[in-house]
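>>> Could you look at this predicted model? Sequence included:
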Amino acid sequence: MGDDIVASFDYDLRALRLEYKTTCDALRNWPGGAAEEQEFLVYKRQELFRVLVEQTLQIEAS
């Protein structure tokens with residue numbers, strides 16, 4: 001096992017939307033710096049969007 005720390009978060013839909021918005025804002029206002037940070041934000045935005053779509057479809061199916 002590596003030195004990576006794994007953390008889990010439980011968000012309600014409102015918090016999930018806010019997390020997505022703040023991630024998009026961070027990318028839009030990217031001041032430069034370590035490329036790994038920007039790459040992580042892109043990955044995080046994609047994953048948050050995926051979860052938001054899944055939750056939206058699940059709510060609509062109910």
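Thanks, I have it. Residues are numbered from 1 along each chain as shown.
>>> going forward, measure contacts and count neighbours with C-alpha atoms only.
Will do.
>>> Please spell out which residues along stretch 6-25 are buried.
16, 17, 19, 20, 23, 24 (16 or more other C-alpha atoms under 10 Å).
>>> Against which helices or strands is the lowest-mean-pLDDT helix or strand in the chain packed?
In the chain, no helix or strand scores lower on mean pLDDT, DSSP states H and E than helix 35-61, which sits at a mean of 94. Contacts defined by 3 or more C-alpha pairs under 8 Å, 6 or more residues apart in numbering; DSSP states H and E place helix 35-61 against helix 13-28.
>>> Can you give the distance of the helix it packs on from its chain's centre?
Here helix 13-28 shows a centroid-to-chain-centroid distance of 7 Å under the convention C-alpha atoms, centre = their mean, to the nearest Å.
>>> quick one: average pLDDT of it?
The average pLDDT within helix 13-28 is 96.
>>> What angle do helix 35-61 and it make with each other?
Helix 13-28 and helix 35-61 are oriented at 150 degrees to each other (axes from the mean of the first three to the mean of the last three C-alpha atoms, to 10 degrees).
>>> Let me have the buried residues of stretch 6-25 in CSV, extended by distance to residue 3.
Below are the buried residues of stretch 6-25 laid out as CSV (distance: C-alpha to C-alpha, whole Å):
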residue, distance to residue 3
16, 27
17, 30
19, 26
20, 27
23, 25
24, 28
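>>> Relative to residue 48, which of those residues is nearest.
Of all these, residue 48 sits closest to residue 20, with 5.9 Å by C-alpha to C-alpha.
>>> Now do the contacts for that closest one.
45, 48, 49 (C-alpha atoms under 8 Å, 6 or more residues apart in numbering).
>>> swap the cut-off to 7 Å and go again
Contact partners of residue 20, counting by C-alpha atoms under 7 Å, 6 or more residues apart in numbering, are 45, 48.
>>> Could you check how far it is from residue 33?
Here the criterion is C-alpha to C-alpha, to the nearest Å. By it, residue 20 lies 21 Å from residue 33.
>>> Same check on residue 42?
Taking C-alpha to C-alpha, one finds residue 42 at 14 Å from residue 33.
>>> what about the two, which has more around it?
Neighbour count, other C-alpha atoms under 10 Å: between residue 42 and residue 33, residue 42 has more, with 16 against 8.
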